[in-house]
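**Q** Output the structure for:
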Amino acid sequence: MTPFEIYMLLILDSIVGFLAVAMILSGILTIILLIIIFVIYGGEADEDDGRRRTGRAIKIVVPAFVFFLLAAALTPSTKIAIAMYVIPPVMNSEAAKKAPDIFNKSLELIDKKLDESLGNKK
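**A** Numbers count the residues shown, from 1 in each chain. The predicted structure is shown next:
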């Protein structure tokens with residue numbers, strides 16, 4: 001694992017925070033633009049230049065809001081990313097494949113010692 005990969009794994013929480021702030025700001029901007037459209041241009045049937053500009057702005061801001069929302073939701077945290085990177089090699093290692101045998105032998109030894117201990121106290 002290179003130092004850059006380690007850095008990218010550890011900075012993921014900051015990236016998620018940035019995406020959340022960007023999502024909140026674009027959501028607020030979307031709400032403001034919708035209020036402007038309905039308050040200023042709500043009752044007019046004709047489309048003037050201001051309404052078209054506001055409509056164009058909403059066509060930019062709403063997709064940005066959706067993008068930041070999805071990006072913030074789908075970007076893994078640092079813990080999840082490290083687990084995704086570390087767990088598969090560990091679980092595929094020889095030591096992990098031997099672990100069930102060691103566990104079963106340990107359990108048998110504990111049972112045997114417990115039986116001996118209880119047998120001696122009777």
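**Q** Mind giving me the packing neighbours of the helix or strand where Gly55 lies?
**A** Taking DSSP states H and E as the definition, Gly55 sits inside helix 49-74. Applying 3 or more Cβ pairs under 8 Å, 6 or more residues apart in numbering; DSSP states H and E, we find helix 49-74 packed against helix 12-40. For glycine as for every other residue, the C-beta is placed from the backbone atoms N, C-alpha and C.
**Q** tilt between the following helix or strand past the helix holding Gly55 and helix 12-40?
**A** As assigned by DSSP H and E, the chain's next helix or strand after helix 49-74 is helix 78-91. Orientation check (axes from the mean of the first three to the mean of the last three Cα atoms, to 10 degrees): helix 78-91 against helix 12-40 gives 140 degrees.
**Q** Return the distance of helix 78-91 from the chain's centre.
**A** Between the centre of helix 78-91 and the centre of its chain there are 14 Å (Cα atoms, centre = their mean, to the nearest Å).
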